[in-house]
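A.B. asks: Compute the structure for the input listed below.
(chains A and B)
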Amino acid sequence: DVKVTQSSRYLVKRTGEKVFLECVQDMDHENMFWYRQDPGLGLRLIYFSYDVKMKEKGDIPEGYSVSREKKERFSLILESASTNQTSMYLCASSFRGQVQETQYFGPGTRLLVL
Amino acid sequence: DQQVKQNSPSLSVQEGRISILNCDYTNSMFDYFLWYKKYPAEGPTFLISISSIKDKNEDGRFTVFLNKSAKHLSLHIVPSQPGDSAVYFCAAQYGNKLVFGAGTILRVKS
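C.D. replies: Predicted structure coming up:
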């Protein structure tokens, strides 16, 4: 069974704080993704990574950065949290080379920025 | 500009009846279309998919239909069960990235 875990289920931070969201997968997947989910907007891709130390911007990268130092771990960093970054953050992973892109998701981190 | 649209935010269906969830897209280059199901406090899980070269794919109670000329796909659940109550996301694939719709909340009443 694929398992994707996220470090926190709920997080409350203050405006201007640096925030780290961690994601770990245990299936040796090459690809990892960070999304945010907002009502009426669905899931939007923030950043993704094809391999260790590689990263690509998604559709909404502004205000975020990522780090992938190990294959199983993908971190999302909010350099200076703002209230408009209050959201549900979902991490996903997938196997490189599959024809159909089946992604496996973690349970999500609900972040509230005050 | 949303490339994948789910125009119905919610749908309510009686247990045993058919649930039909719809999805429209704008990019004819998408390779696959996937449906994900999400329960509260859980991440989305893959449900069923269809290749862009097919027009129908069936898996048990779930069938997905693709109409490429209309750029439209639909997910049919027959018969609907209370455990099907969840948020359903339509996603379209290009390369190894997915573009998601806004989701439809399905409530199956017993």
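
A.B. asks: near chain A, which residues of chain B show up?
C.D. replies: Neighbours of chain A within chain B, by C-beta under 8 Å from any C-beta of the partner chain: B:4, B:6, B:9, B:31-32, B:34, B:36, B:41-46, B:49, B:51, B:89, B:91, B:93, B:95-103. For the C-beta atoms, the positions are set from N, CA and C on the backbone; glycine is no exception.

A.B. asks: Tell me the bridge partners for residue B:36.
C.D. replies: residue B:46, residue B:89 (DSSP bridges).

A.B. asks: Go through the residues of chain B next to chain A and flag which are in strands.
C.D. replies: B:4, B:32, B:34, B:36, B:45-46, B:49, B:51, B:89, B:91, B:93, B:97-100 (DSSP state E).

A.B. asks: Point out the least confident one among those.
C.D. replies: Among those, residue B:97 carries the lowest pLDDT, at 89.

A.B. asks: Can you check what pLDDT the model gives whatever residue of chain B ends up closest to chain A?
C.D. replies: When distances are taken as C-beta to the nearest C-beta, chain B reaches nearest to chain A at residue B:43, 3.2 Å away. Residue B:43 carries a pLDDT value of 94.

A.B. asks: correct me, but it touches residue A:105?
C.D. replies: Yes - Residue B:43 is within contact range of residue A:105, at 3.2 Å (criterion: C-beta atoms under 8 Å).

A.B. asks: list residues touching both of those two?
C.D. replies: Common contacts of residue B:43 and residue A:105, defined by C-beta atoms under 8 Å, 6 or more residues apart in numbering or on different chains, comprise A:4, A:90, A:92.

A.B. asks: got any ranges where chain B has weak pLDDT?
C.D. replies: B:1 (pLDDT under 70).

A.B. asks: Let's see that with 80 instead.
C.D. replies: Scanning chain B for pLDDT under 80 picks out B:1-2.

A.B. asks: Quick check: end-to-end length of stretch B:91-107?
C.D. replies: Terminal residues of stretch B:91-107 are spaced 20 Å apart (C-alpha to C-alpha, to the nearest Å).

A.B. asks: Now do that stretch: distance to the chain's middle.
C.D. replies: Its chain's average C-alpha position is 8 Å from that of stretch B:91-107, according to C-alpha atoms, centre = their mean, to the nearest Å.

A.B. asks: Pull out the buried positions in that stretch.
C.D. replies: Neighbour counts using 16 or more other C-beta atoms under 10 Å in any protein chain shown place B:91-93, B:96-104, B:106 of stretch B:91-107 among the buried residues.

A.B. asks: repeat for stretch A:12-25
C.D. replies: So for stretch A:12-25, counting by 16+ other C-beta under 10 Å, buried means A:13, A:19, A:21-25.
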